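Colleague: give the three-dimensional model of this entry:
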Amino acid sequence: QVQLVESGGGLVQARDSLRLSCVGSGRSFSRYGLGWFRQAPGKEREFVAVISWNGGSTYYADSVKGRFTISRDNAKNTVYLQMNGLKPEDTAVYYCAAAAYGNVLNRKSDDYNDWGQGTQVTVSS
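Modeller: Reported below is the predicted structural model:
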């Protein structure tokens, strides 16, 4: 089990950038696959991006491909989500999550065991 804490959210204007961070506890952090999800008001939680245990593989939702970049620093027990070219439709609570099988690029929330508390991102037009 790993505990996750997100930070870096805020209120920005369209076309601005933000970098979200998620710090995890535990010595086994580097074994986990790590994902970012988001949930907008009145909508279901949706997949955003995922990164494998060693950072060698990533996968993105079509809606963010080319604008968002997921990365990780296992020495710091941290996963990042760099968000460029933000749009009002990116407004949501963003969650990081950890999956036990670090070499699988999981895209379903049910595949993740541990979740952070979320950080709000609001993009104004």
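Colleague: switch to C-alpha atoms for all contacts and neighbour counts from now on
Modeller: OK.
Colleague: can you pull the pLDDT of Ser57?
Modeller: Listed pLDDT for Ser57 reads 96.
Colleague: sorry, wrong one. I was asking about Gly102.
Modeller: At Gly102, pLDDT is 82.
Colleague: so who does it touch?
Modeller: 31-34, 52-53 (Cα atoms under 8 Å, 6 or more residues apart in numbering).
Colleague: I'd like to know how far the residue lying closest to it once chain neighbours are set aside sits from Leu81.
Modeller: Among residues not flanking Gly102 along the chain, Gly33 sits closest, at 3.8 Å (Cα to Cα, 6 or more residues apart in numbering). With distances taken as Cα to Cα, to the nearest Å, Gly33 is found 14 Å from Leu81.
Colleague: please apply the same query to Ala61.
Modeller: 13 Å.
Colleague: tell me which of the two has more neighbours.
Modeller: Neighbour tally, Ala61 and Leu81, criterion other Cα atoms under 10 Å: the higher count belongs to Leu81, 23 against 15.
Colleague: chain center to the helix or strand hosting that one, what's the gap?
Modeller: When elements are assigned from DSSP states H and E, Leu81 belongs to strand 78-83. Centroid separation for strand 78-83 versus its chain: 6 Å, with Cα atoms, centre = their mean, to the nearest Å.
Colleague: quick one: strands adjacent to the very next helix or strand once past that strand?
Modeller: Next helix or strand after strand 78-83 toward the C-terminus (DSSP H and E): strand 92-99. Using DSSP bridges, strand 92-99 pairs in its sheet with strand 33-39 (antiparallel), strand 114-115 (antiparallel), strand 119-124 (antiparallel).
Colleague: contacts made by strand 92-99 with the rest, please.
Modeller: 2, 4, 6, 22, 32-41, 106, 111-122.
Colleague: what about Lys76, neighbour count?
Modeller: 12.
Colleague: can you read off the pLDDT for it?
Modeller: Each residue has a pLDDT score; the one for Lys76 is 95.
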